[in-house]
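J.: structure here, sequence nowhere to be found:
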């Protein structure tokens, strides 16, 4: 067994099936299958169990995988050290950020990082899926969720707060929701799954409540949601970062301030695959973003609300 064969085994197990491994390595599936069979024949043991959709390593396959992964990561680190001698930090970082949080909060962080490290190619996608990370389309994904997937490394970037809010003109004409149940009959503006009821978790002190709602205006474009609320079209249920300035200026007023509201999750997480080699560029990016998120969370505590009762 040589290093090339061991590296191939690592790629196959990381990919989860032969077709995905072939796609990543830019070779045919038959080529992958042939070399895997040759490897198993050379050591006289089965290394993976094949099913219709996935492959799972056997006990000996898993041992070889762990050795091979460690060797591959050391080789990648050594190659990077040699290639970066005498140079500023270089490389490529592929990151996926949520459409709203990415544009409203992280955009300045990303631009600051690029100014600080001009040699790094920053490939940014504004997405709300986790699958892009699983398919190896990105190195890092930032997502809103209550509980991160167990098969990913999750770094906490802070609490995400949702607020119920209306325009000042709407409040004067219609009032504001005084009870959680009032949201059921209010014209609701929010980001939800089209065609499905919106399940909102609401916390009052230590008590957890749930309410099913049917929004009348739905979009993943958070700028559009903010404009709709400012236009007086209904009650916005949106992240607080979206409307903090409007609340401070008095153009929007909040309601149900005693409640902590959550739609898609309560925390923002930075996610990446475990045991994947991180280049110096990727590691630097992770540290930079986590530091900025901690600073932002400290500086941006919930702002004083303009409320109507």
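T.: In hand now; what should we look at? As the structure is a prediction and not an experimental result, all values here were calculated from the model.

J.: isn't residue 7 right up against residue 68?
T.: Yes: Residue 7 lies in contact with residue 68 (C-beta atoms under 8 Å); the separation is 6.2 Å. Any C-beta I mention is one placed from the backbone N, CA and C, and that applies to glycine too.

J.: identify the residue nearest residue 62 in space, chain neighbours excluded?
T.: Nearest residue to residue 62 in three dimensions, chain neighbours excluded: residue 13, at 8.0 Å (C-beta to C-beta, 6 or more residues apart in numbering).

J.: report how many residues lie close to the one you found.
T.: 22 (other C-beta atoms under 10 Å).

J.: where along the stretch 201-309 of the chain do the strands fall?
T.: Using DSSP state E, counting those that start in this stretch, the strands of the stretch 201-309 of the chain run over residues 207-213, 217-218, 235-239, 252-255, 260-262, 267-272.

J.: give me the helix or strand of the chain that scores worst on average pLDDT.
T.: helix 131-134 (a mean of 60; mean pLDDT, DSSP states H and E).

J.: and the next element down the chain from that helix?
T.: strand 140-145 (DSSP states H and E).

J.: against which helices or strands is that next one packed?
T.: For strand 140-145, the packing partners by 3 or more C-beta pairs under 8 Å, 6 or more residues apart in numbering; DSSP states H and E come out as strand 91-97, helix 131-134, strand 267-272, helix 280-299.

J.: per-residue confidence for residue 58?
T.: Residue 58 carries a pLDDT value of 87.

J.: er, residue 304 actually
T.: pLDDT, residue 304: 45.

J.: roughly how far out does the helix or strand hosting residue 111 sit from the chain middle?
T.: Residue 111 is part of helix 107-116, with elements assigned from DSSP H and E. Remark: helix 107-116 is offset 18 Å from the chain centroid, using C-alpha atoms, centre = their mean, to the nearest Å.

J.: partners of the helix or strand following that helix in the sheet?
T.: Next helix or strand after helix 107-116 toward the C-terminus (DSSP H and E): strand 120-126. Its sheet considered, strand 120-126 pairs with strand 91-97 (parallel) by DSSP bridges.

J.: quick check: angle from the strand it pairs with to strand 267-272?
T.: 150 degrees (axes from the mean of the first three to the mean of the last three C-alpha atoms, to 10 degrees).

J.: average pLDDT for strand 91-97?
T.: Mean pLDDT, strand 91-97: 91.

J.: residues contacting that strand, please?
T.: Residues outside strand 91-97 that contact it (C-beta atoms under 8 Å, 6 or more residues apart in numbering): 80, 106, 110, 119-127, 129, 132-133, 137-142, 279-282, 285.

J.: between the strands of the stretch 201-309 of the chain, which gets nearest to residue 72?
T.: Among the strands of the stretch 201-309 of the chain, strand 267-272 comes nearest to residue 72, with 16.8 Å by C-beta to C-beta.

J.: much appreciated, bye for now.
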